[in-house]
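Asker: Provided below are the primary sequence and the corresponding predicted coordinates.
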Amino acid sequence: MKADKGVINWLFTGCILVFVMVVVGGITRLTGSGLSMTDWHLVTDTFPPMSDAAWQTAFEEYKKFPEYQRINSHFTLEDYKFIYFWEWFHRFIARILGFVFLIPFIYFLVKKRMTQRTVFQCLILLGMGAFQGFLGWFMVKSGLVDFNQPDVSHFRLSMHLTFAFLTFAYTLWIALDLKYQGISERIAPLGKIAVWTWILVVLQIIWGGFVAGLDAGYIHNHWPLMSDGQFFHESIRLEKPNWLLRFTEGKSGVQFIHRTLAYVVVGFIVYLAVKSRKYTLSTTQKNGITALLVVVFVQVTLGILTLLYSVPLWLGVTHQAVAFFLLAAITFVMHRVRK
């Protein structure tokens, strides 16, 4: 059965919407908007409050929670409307994504325009989307319960962020399977390197989530060394009692892993590019590897600038957005050298 172009375009549209949703999620995080909506209603939260009374009710509800009491007690209603907008917009795009995926899926299923394999893969995507919604509320809930910790768990934030990236990558993989159906360009040695590089990129995304969740980008704003001209700053050892906690819960340790792992990712991508020169590549493979090289160096540059300038909003959001392009590029290359 020949792959249906409508199905392929639908999956690529899903990729774009996941990208938009994560970018808006980054803005939501960096503007401190993530806890502005203190409950989750599938239908009634579809649109923001439509009257002054409704806005006041929402604001009064927000005042009951730790973030307002500990951090934002100076907020006016207008301040609250600003942070509410970004969290609402993030959830609204998630709803749109759900409709954009589910309705065409049912249509293609009824019209028998997908193979059994594609139907099964899309059912997995449906489950991933539902689980992503759960992770979003699971994350928000962690910031509403502890008066002494008016922020979301950085572990839950990273789970929510990383799973969005994985959902994007799997959607892209299915689309590529259909687009290049019957076209084999497998180069096994490059495939192995690509898999390890993909794993490293995902690990980097996980620690990027830790950095975001702990606000670890606001310290050690120096490069190539950390503060005080140290490669491995002494604060890493002092923050937590053991190495596991230092590298997963300590701000300095988390930042150290994220900035050091970036070099490893670059090294693997450069190695992949150099190794690829020993083989006869298709134009598609050459373009994929070239794009991967360009994106990783853009991403490293953005990461350095984001750190040096203490995470201004536009740089932080751009850095997160380009991480999507990096994952897309390595997923594409991995697909083309393994299939």
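Answerer: Structure's in. What do you need?
Asker: Residue ranges in this structure under the pLDDT threshold?
Answerer: 1-2, 42-44 (pLDDT under 70).
Asker: Okay, the residue nearest the centre of it and V110: tell me how far apart.
Answerer: The residue lying closest to the centre of the chain (Cα atoms, centre = their mean) is L161, at 4.1 Å. L161 is 34 Å from V110, where distance means Cβ to Cβ, to the nearest Å. In short, each C-beta sits where N, CA and C put it, glycine included.
Asker: cool, and S51?
Answerer: 41 Å.
Asker: Name the SS class of the residue nearest to S227 when sequence neighbours are not counted, please.
Answerer: With sequence-adjacent residues excluded and distances taken as Cβ to Cβ, 6 or more residues apart in numbering, S227 is closest to H220, at 4.8 Å. Judged by DSSP: H, G, I helix; E, B strand; the rest coil, the three-state class of H220 is coil.
Asker: Which strand or helix spans E87?
Answerer: helix 77-110 (DSSP states H and E).
Asker: got the angle between the following helix or strand past that helix and helix 77-110?
Answerer: Using DSSP H and E, the helix or strand that follows helix 77-110 in sequence is helix 116-142. Interaxial angle of helix 116-142 relative to helix 77-110 (axes from the mean of the first three to the mean of the last three Cα atoms, to 10 degrees): 160 degrees.
Asker: in the next helix or strand after helix 116-142, what counts as buried?
Answerer: Next in sequence after helix 116-142, counting helices and strands by DSSP H and E, comes helix 154-179. Across helix 154-179, burial judged by 16 or more other Cβ atoms under 10 Å covers 154-165, 167-178.
Asker: same check, this time on stretch 111-118
Answerer: For stretch 111-118, a neighbour-count test (16+ other Cβ under 10 Å) marks 113-114, 118 as buried.
Asker: TSV please, covering those residues and showing distance to V254.
Answerer: Output for the buried residues of stretch 111-118, formatted as TSV (distance: Cβ to Cβ, whole Å):
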residue	distance to V254
R113	46
M114	42
T118	39
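Asker: who's in contact with V333?
Answerer: Counting by Cβ atoms under 8 Å, 6 or more residues apart in numbering, V333 touches 194, 272, 285, 288-289, 292.
Asker: That one sits in which helix or strand?
Answerer: Assigned by DSSP H and E, V333 falls within helix 313-338.
Asker: now the angle between helix 154-179 and that helix, please.
Answerer: 40 degrees.
Asker: Distance from the chain centre to helix 313-338, please.
Answerer: Taking Cα atoms, centre = their mean, to the nearest Å, one finds helix 313-338 lying 10 Å from the centre of the chain it belongs to.
Asker: buried residues in it?
Answerer: 315-338.
Asker: Could you do stretch 279-286 as well?
Answerer: For stretch 279-286, a neighbour-count test (16+ other Cβ under 10 Å) marks 281, 285 as buried.
Asker: Span of that stretch from start to end?
Answerer: Stretch 279-286 has an end-to-end distance of 10 Å (Cα to Cα, to the nearest Å).
Asker: can you list contacts of it?
Answerer: The contact list for stretch 279-286 (Cβ under 8 Å, 6+ apart) reads 185, 187, 189-190, 276, 289, 333, 336-337.
Asker: nearest to V145, of the buried residues of stretch 111-118?
Answerer: Nearest to V145 among the buried residues of stretch 111-118: T118, at 41.4 Å, using Cβ to Cβ.
Asker: quick one: contacts for the residue nearest to the centre of the chain?
Answerer: Contact analysis of L161 by Cβ under 8 Å, 6+ apart lists 22, 25, 205, 208-209, 212.
Asker: Out of these, grab the one that's most surrounded.
Answerer: Of all these, the most densely surrounded is G25 (27 neighbours; neighbours counted as other Cβ atoms under 10 Å).
Asker: how about that one, what does it touch?
Answerer: If you count contacts by Cβ under 8 Å, 6+ apart, G25 has them with 90, 160-161, 164.
Asker: can you check V296 too?
Answerer: 265-266, 269, 326, 329.
Asker: Could you work out the most separated pair of those residues?
Answerer: V266 and A329 (13.1 Å).
Asker: and the residue lying closest to I8 once chain neighbours are set aside, how far is that from Q255?
Answerer: Leaving aside its sequence neighbours, I8 sits nearest to L178 (Cβ to Cβ, 6+ apart; 4.9 Å). To Q255, L178 is 40 Å away according to Cβ to Cβ.
Asker: Fine, thanks again, bye for now.
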